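1. Pasting the sequence and the predicted model now:
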Amino acid sequence: MRCVIFDLDGTLADTSGDLIAAANHCFDRMGVAERLDPVTDAATAFRGGRAMLRLGLGRMGAVSEDEVDRWYPELLRAYGEAIDTHTRLYPGAVDAVEALRRAGYAVGICTNKPEGLAETLTARLGVRGLFASLVGADTLPTRKPDVAPYWAAVDGAGGRRDASLIVGDTETDRKTARAAARPCILVTFGPDGDAVRGLDPEGVIGHFGDLGNEVARLIG
(Lines give C-alpha, C1' and ligand atoms only; values in the text may rest on other atoms or scores of the structure.)
Protein backbone atom coordinates (compact mmCIF):
# COMPACT_ATOMS: atom_id res chain seq x y z
CA MET A 1 0.00 0.00 0.00
CA ARG A 2 0.99 3.61 -0.46
CA CYS A 3 2.02 4.77 2.98
CA VAL A 4 2.05 7.97 5.04
CA ILE A 5 4.12 8.03 8.23
CA PHE A 6 3.47 10.78 10.78
CA ASP A 7 5.63 12.36 13.41
CA LEU A 8 3.71 12.79 16.68
CA ASP A 9 4.82 15.80 18.76
CA GLY A 10 4.30 19.05 16.90
CA THR A 11 2.74 17.27 13.92
CA LEU A 12 -0.32 15.31 15.05
CA ALA A 13 -0.57 16.85 18.50
CA ASP A 14 0.55 19.94 20.37
CA THR A 15 2.25 18.28 23.34
CA SER A 16 4.38 21.26 24.36
CA GLY A 17 2.36 22.24 27.44
CA ASP A 18 2.72 18.88 29.16
CA LEU A 19 6.37 18.52 28.13
CA ILE A 20 7.22 21.98 29.50
CA ALA A 21 5.35 21.18 32.71
CA ALA A 22 7.47 18.06 33.21
CA ALA A 23 10.68 20.03 32.71
CA ASN A 24 9.52 22.70 35.14
CA HIS A 25 8.74 19.99 37.67
CA CYS A 26 12.41 19.00 37.48
CA PHE A 27 13.59 22.57 37.97
CA ASP A 28 11.27 22.84 40.97
CA ARG A 29 12.75 19.67 42.44
CA MET A 30 16.21 21.10 41.86
CA GLY A 31 15.26 24.07 44.01
CA VAL A 32 16.01 26.65 41.33
CA ALA A 33 13.92 29.53 40.06
CA GLU A 34 14.31 28.83 36.34
CA ARG A 35 11.12 27.90 34.44
CA LEU A 36 10.47 27.27 30.77
CA ASP A 37 7.61 29.05 29.04
CA PRO A 38 5.01 26.86 27.29
CA VAL A 39 4.72 29.33 24.42
CA THR A 40 8.15 30.80 23.76
CA ASP A 41 9.97 27.53 24.55
CA ALA A 42 7.58 25.23 22.68
CA ALA A 43 10.06 24.57 19.89
CA THR A 44 12.57 23.19 22.39
CA ALA A 45 9.88 21.00 23.95
CA PHE A 46 9.38 19.29 20.60
CA ARG A 47 13.09 18.47 20.49
CA GLY A 48 12.84 16.30 23.58
CA GLY A 49 13.27 16.12 27.32
CA ARG A 50 17.03 16.44 27.32
CA ALA A 51 16.82 19.54 25.13
CA MET A 52 14.48 21.18 27.65
CA LEU A 53 16.77 20.34 30.55
CA ARG A 54 19.78 21.70 28.67
CA LEU A 55 17.90 24.93 27.91
CA GLY A 56 16.87 25.54 31.50
CA LEU A 57 20.21 24.58 33.00
CA GLY A 58 22.02 26.64 30.39
CA ARG A 59 20.06 29.72 31.36
CA MET A 60 21.35 29.24 34.88
CA GLY A 61 24.88 28.83 33.57
CA ALA A 62 25.05 25.35 35.05
CA VAL A 63 24.40 23.00 32.12
CA SER A 64 26.20 19.67 32.24
CA GLU A 65 25.40 16.37 30.61
CA ASP A 66 25.72 14.64 33.98
CA GLU A 67 22.89 16.80 35.35
CA VAL A 68 20.83 16.26 32.21
CA ASP A 69 21.26 12.48 32.54
CA ARG A 70 20.46 12.63 36.25
CA TRP A 71 17.15 14.46 35.79
CA TYR A 72 15.97 12.93 32.52
CA PRO A 73 14.35 9.85 34.17
CA GLU A 74 12.49 12.14 36.60
CA LEU A 75 11.26 14.25 33.69
CA LEU A 76 9.94 11.13 31.93
CA ARG A 77 8.25 9.97 35.15
CA ALA A 78 6.54 13.33 35.69
CA TYR A 79 5.52 13.54 32.05
CA GLY A 80 4.07 10.04 32.08
CA GLU A 81 1.90 10.92 35.08
CA ALA A 82 0.42 13.99 33.38
CA ILE A 83 0.80 13.21 29.69
CA ASP A 84 -2.49 14.59 28.40
CA THR A 85 -3.40 17.47 30.71
CA HIS A 86 -2.75 20.18 28.13
CA THR A 87 -2.08 18.13 24.98
CA ARG A 88 -4.49 18.50 22.08
CA LEU A 89 -4.62 17.07 18.58
CA TYR A 90 -4.19 19.70 15.91
CA PRO A 91 -7.44 20.73 14.16
CA GLY A 92 -8.33 18.38 11.35
CA ALA A 93 -5.73 15.74 12.23
CA VAL A 94 -8.19 12.91 12.82
CA ASP A 95 -10.26 13.74 9.75
CA ALA A 96 -7.12 13.81 7.59
CA VAL A 97 -5.87 10.44 8.83
CA GLU A 98 -9.28 8.84 8.42
CA ALA A 99 -9.52 10.23 4.88
CA LEU A 100 -6.15 8.71 3.99
CA ARG A 101 -7.25 5.34 5.33
CA ARG A 102 -10.48 5.48 3.30
CA ALA A 103 -8.45 6.34 0.21
CA GLY A 104 -6.36 3.18 0.62
CA TYR A 105 -3.21 4.52 2.25
CA ALA A 106 -1.43 2.73 5.08
CA VAL A 107 -0.70 5.09 7.97
CA GLY A 108 1.73 4.85 10.88
CA ILE A 109 3.70 6.89 13.39
CA CYS A 110 7.45 7.33 13.74
CA THR A 111 8.34 9.49 16.72
CA ASN A 112 11.32 10.31 18.91
CA LYS A 113 9.10 10.05 21.96
CA PRO A 114 9.78 6.84 23.92
CA GLU A 115 7.50 4.12 22.57
CA GLY A 116 5.66 3.50 25.84
CA LEU A 117 4.80 7.17 26.27
CA ALA A 118 3.71 7.42 22.64
CA GLU A 119 1.46 4.39 23.04
CA THR A 120 -0.07 5.86 26.20
CA LEU A 121 -0.61 9.29 24.68
CA THR A 122 -2.19 8.12 21.43
CA ALA A 123 -4.46 5.78 23.39
CA ARG A 124 -5.59 8.56 25.72
CA LEU A 125 -6.20 10.86 22.78
CA GLY A 126 -8.35 8.12 21.26
CA VAL A 127 -6.36 7.76 18.04
CA ARG A 128 -4.10 4.74 18.54
CA GLY A 129 -6.43 2.54 16.51
CA LEU A 130 -6.05 4.78 13.46
CA PHE A 131 -2.39 3.86 12.99
CA ALA A 132 -1.18 0.44 11.88
CA SER A 133 2.31 0.99 13.31
CA LEU A 134 4.02 3.04 16.00
CA VAL A 135 7.80 3.24 16.27
CA GLY A 136 9.29 5.25 19.12
CA ALA A 137 12.71 6.53 20.12
CA ASP A 138 13.59 3.31 21.94
CA THR A 139 11.85 0.75 19.70
CA LEU A 140 15.11 0.19 17.82
CA PRO A 141 18.74 0.93 18.72
CA THR A 142 18.56 4.12 16.62
CA ARG A 143 16.06 6.97 16.30
CA LYS A 144 15.22 9.60 13.69
CA PRO A 145 16.91 10.94 11.62
CA ASP A 146 18.38 7.46 11.20
CA VAL A 147 16.34 5.76 8.51
CA ALA A 148 15.78 2.44 10.32
CA PRO A 149 12.84 3.60 12.49
CA TYR A 150 11.14 5.12 9.47
CA TRP A 151 11.43 1.90 7.47
CA ALA A 152 10.17 -0.05 10.50
CA ALA A 153 7.10 2.19 10.65
CA VAL A 154 6.46 1.77 6.92
CA ASP A 155 6.91 -2.00 7.06
CA GLY A 156 4.81 -2.31 10.22
CA ALA A 157 1.96 -0.40 8.60
CA GLY A 158 2.01 -2.71 5.58
CA GLY A 159 3.28 0.06 3.33
CA ARG A 160 5.53 0.08 0.28
CA ARG A 161 8.87 1.73 0.94
CA ASP A 162 9.02 3.13 -2.58
CA ALA A 163 5.56 4.69 -2.24
CA SER A 164 5.87 6.27 1.20
CA LEU A 165 6.41 9.71 2.69
CA ILE A 166 6.79 11.31 6.09
CA VAL A 167 4.75 14.15 7.57
CA GLY A 168 6.59 16.12 10.23
CA ASP A 169 7.45 19.51 11.65
CA THR A 170 11.22 19.74 12.20
CA GLU A 171 14.61 19.34 10.61
CA THR A 172 14.75 15.85 12.11
CA ASP A 173 11.84 14.74 9.93
CA ARG A 174 13.39 16.43 6.90
CA LYS A 175 16.68 14.60 7.46
CA THR A 176 14.85 11.31 7.94
CA ALA A 177 13.13 11.73 4.59
CA ARG A 178 16.42 12.53 2.91
CA ALA A 179 18.03 9.44 4.43
CA ALA A 180 15.20 7.36 3.00
CA ALA A 181 15.21 9.24 -0.33
CA ARG A 182 11.48 9.77 0.15
CA PRO A 183 9.32 12.92 0.08
CA CYS A 184 8.62 14.97 3.17
CA ILE A 185 5.64 17.17 4.01
CA LEU A 186 6.26 19.68 6.80
CA VAL A 187 3.53 21.49 8.72
CA THR A 188 3.61 25.21 9.41
CA PHE A 189 1.32 25.12 12.45
CA GLY A 190 4.12 23.81 14.69
CA PRO A 191 6.38 26.13 16.69
CA ASP A 192 8.74 26.77 13.78
CA GLY A 193 5.90 28.08 11.63
CA ASP A 194 6.75 29.09 8.07
CA ALA A 195 10.45 28.72 8.85
CA VAL A 196 10.13 25.04 7.87
CA ARG A 197 9.98 26.16 4.25
CA GLY A 198 13.69 26.90 4.55
CA LEU A 199 14.29 23.16 4.95
CA ASP A 200 13.17 22.69 1.34
CA PRO A 201 10.57 19.95 1.89
CA GLU A 202 8.74 18.50 -1.08
CA GLY A 203 5.45 19.65 0.44
CA VAL A 204 4.18 22.12 3.04
CA ILE A 205 0.74 22.36 4.64
CA GLY A 206 -0.75 25.00 6.90
CA HIS A 207 -3.79 22.91 7.85
CA PHE A 208 -4.59 19.21 7.82
CA GLY A 209 -7.34 19.90 5.32
CA ASP A 210 -4.58 20.34 2.73
CA LEU A 211 -2.86 17.03 3.45
CA GLY A 212 -4.76 14.74 1.11
CA ASN A 213 -3.98 16.75 -2.00
CA GLU A 214 -0.29 17.00 -1.11
CA VAL A 215 -0.03 13.28 -0.45
CA ALA A 216 -1.72 12.47 -3.75
CA ARG A 217 0.59 14.86 -5.59
CA LEU A 218 3.71 13.29 -4.13
CA ILE A 219 2.99 9.55 -4.04
CA GLY A 220 -0.22 9.17 -6.04
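-> Looks like it came in fine. The model shown is predicted, which means the values in this text are computed figures rather than measured ones.
2. Contact partners for Arg128?
-> Glu119, Thr122, Leu134 (Cβ atoms under 8 Å, 6 or more residues apart in numbering). C-beta here means a position set from N, CA and C on the backbone, and glycine is covered the same way.
3. Produce a PyMOL select command limited to the buried residues of the residues you listed.
-> Buried residues within the contacts of Arg128, by 16 or more other Cβ atoms under 10 Å, are selected in PyMOL with:
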select buried, resi 122+134
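4. now, among the contacts of Arg128, which is nearest to Arg88?
-> Minimum distance to Arg88 across those is 13.2 Å, recorded for Thr122 (Cβ to Cβ).
5. Just the element for the closest one, please.
-> helix 115-124 (DSSP states H and E).
6. Now do Gly61, the pLDDT please.
-> Predicted confidence (pLDDT) for Gly61: 84.
7. Pull the number of nearby residues for it.
-> Counted by other Cβ atoms under 10 Å, the residues lying close to Gly61 total 6.
8. so how far is Tyr72 from it?
-> Here the criterion is Cβ to Cβ, to the nearest Å. By it, Gly61 lies 20 Å from Tyr72.
9. Ser16 now?
-> Ser16 is 18 Å from Tyr72, by Cβ to Cβ.
10. So between those two, which is more surrounded?
-> Neighbours per residue, other Cβ under 10 Å: of Ser16 and Tyr72, the larger number sits with Ser16, 25 against 16.
11. ok, that one - contacts?
-> Ser16 makes contacts with Asp9, Gly10, Pro38, Asp41, Ala42, Ala45, Phe46, His86, Pro191, as judged by Cβ under 8 Å, 6+ apart.
12. Lowest pLDDT pick from these?
-> Pro191 (82).
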